[in-house]
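Enquirer: test case, fold it:
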Amino acid sequence: MKNLYDVAKVIRSKNAGPFSITLDILFNSKSVYEAIKKANIITKGSIAQAYNLKEKDITELIYFDQALGIKITYNRQISSGTSGDRDVYGAQQHAPLMTFQFDETILINEVEL
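Expert: The predicted structure is shown next:
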């Protein structure tokens, strides 16, 4: 098994306004990006489970082929800067993505384009 962290060039999070968080996963290899996309590892269901969210709270999940990236946006449970918010900038919310696991055999048959 491999972690998403092992194959992604960038995994980050940030505010998408005071009520949303955006997660970005960027790859520097088209073949790895395509393998992850084809294997359907990143879904609203898998994100909801990892972040303890309801799927309806995930407002966007976009595979952006031109950038070899995946963008996920979800509603924050409390708004940025509100009493009880422990991450005003949303910069620490990417950690659960780092440990997304997948069978590394999905990468074996991919050829760099």
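
Enquirer: where does pLDDT dip in the chain?
Expert: For the chain, applying pLDDT under 70 flags the ranges 109-113.

Enquirer: alpha carbons of the longest helix along it, as CSV, please.
Expert: When the chain is parsed with DSSP state H, its longest helix is helix 30-39. Extracted in CSV, the C-alpha atoms of helix 30-39 (Å, rounded to 0.1, in the frame of the first residue of the first chain):
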residue,chain,number,x,y,z
LYS,A,30,0.6,12.8,-15.7
SER,A,31,0.7,9.1,-15.5
VAL,A,32,0.4,9.1,-11.7
TYR,A,33,-2.4,11.7,-11.8
GLU,A,34,-4.3,9.6,-14.4
ALA,A,35,-3.8,6.4,-12.4
ILE,A,36,-5.2,8.1,-9.2
LYS,A,37,-8.1,9.6,-11.2
LYS,A,38,-8.9,6.3,-12.9
ALA,A,39,-8.8,4.3,-9.6
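
Enquirer: next helix or strand past that helix?
Expert: On the C-terminal side of helix 30-39, the nearest following helix or strand under DSSP states H and E is helix 44-51.

Enquirer: mind giving me the packing neighbours of that following helix?
Expert: If you count contacts as 3 or more C-beta pairs under 8 Å, 6 or more residues apart in numbering; DSSP states H and E, helix 44-51 packs onto strand 58-64, strand 69-75, helix 95-98. C-beta coordinates here come from the backbone N, C-alpha and C atoms, glycine included.
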